[in-house]
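Trainee: next come a sequence and a model predicted from it.
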Amino acid sequence: MLKNYKFDEIILFLDETNFTSFKNRDLDYIMMGTYLLIIEIARQFVENIGAKGAITFSPGYYIYLGSAMGRIGSSTILNRVKRHLRTANEKKVHWHIDYLLTNKNTQIVSILLCPSRIRLECDIASELEKKADGLVDGFGSSDCNCTTHLFYYRKYPSHLF
């Protein structure tokens with residue numbers, strides 16, 4: 001259960017007008033869909049992101065967009081998000097986001113879950129790109145044609161939700 005991890009909230013997004021915020025509930029029934037991690041970075045740092053090499057991350061907020069389309073096991077949306085919440089000692093660093101999240105200057109402050117049987121990742125990425133203050137080119141989007149799945153905002157992006 002996610003309630004054992006430190007974060008501000010999980011938002012279950014159903015449609016444009018219907019969402020629920022969870023703080024201490026069991027979310028095991030959520031299996032497939034897209035998720036957004038809102039990550040706060042307190043101070044600038046440079047991180048080696050696997051084959052992408054060294055990337056400078058500025059203070060502010062980043063939204064990482066991912067999907068998990070499995071019905072069971074590690075590829076469910078709940079288990080994918082749980083994996084992102086683990087420390088570097090608790091998981092093998094594999095994806096671009098793993099490199100970023102293992103840095104001590106990062107903190108996940110909110111999680112948005114969008115349960116769906118269809119992939120919404122690229123559609124959401126297109127919308128996030130329009131309102132972002134910046135982006136990290138090619139981050140987390142090697143399996144699609146999106147520019148990126150990591151978007152930068154100088155201030156908390158509450159205007160998006």
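Mentor: Everything's here; your move. Numbers count the residues shown, from 1 in each chain.

Trainee: quick one, strands of the protein?
Mentor: With strands called from DSSP state E, the chain shows them at 9-15, 18-22, 33-41, 45-48, 54-57, 60-68, 106-115, 134-135, 150-153.

Trainee: so where's the longest helix in the protein?
Mentor: Using DSSP state H, we find that the single longest helix of the chain is helix 121-131.

Trainee: C-alpha coordinates for that one, CSV please?
Mentor: Taking Å, rounded to 0.1, in the frame of the first residue of the first chain, the C-alpha atoms of helix 121-131 are listed here in CSV:
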residue,chain,number,x,y,z
GLU,A,121,0.6,9.0,-22.3
CYS,A,122,1.3,10.7,-25.6
ASP,A,123,-2.0,12.7,-25.6
ILE,A,124,-1.2,14.0,-22.0
ALA,A,125,2.4,14.7,-23.0
SER,A,126,1.3,16.9,-25.9
GLU,A,127,-0.9,19.0,-23.5
LEU,A,128,1.8,19.2,-20.8
GLU,A,129,4.4,20.4,-23.4
LYS,A,130,2.2,23.4,-24.3
LYS,A,131,2.2,24.7,-20.7
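
Trainee: so which bits of it are buried?
Mentor: Residues of helix 121-131 classed as buried by neighbour count (16 or more other C-beta atoms under 10 Å): 121, 124, 125, 128. Every C-beta, even on glycine, is put in place using the N, C-alpha and C of the backbone.

Trainee: count the neighbours of the residue nearest to the third one when sequence neighbours are not counted for me.
Mentor: To tie it back to what came earlier, the one meant is residue 125. Of all residues not flanking residue 125 in the chain, residue 146 sits nearest, at 4.5 Å (C-beta to C-beta, 6 or more residues apart in numbering). By the criterion of other C-beta atoms under 10 Å, residue 146 has 21 neighbours.

Trainee: what sits against the closest residue to residue 80 other than its chain neighbours?
Mentor: Distances taken as C-beta to C-beta, 6+ apart put residue 68 closest to residue 80, at 3.8 Å, once the chain neighbours are dropped. Counting by C-beta atoms under 8 Å, 6 or more residues apart in numbering, residue 68 touches 32, 33, 35, 75, 76, 77, 79, 80, 81.
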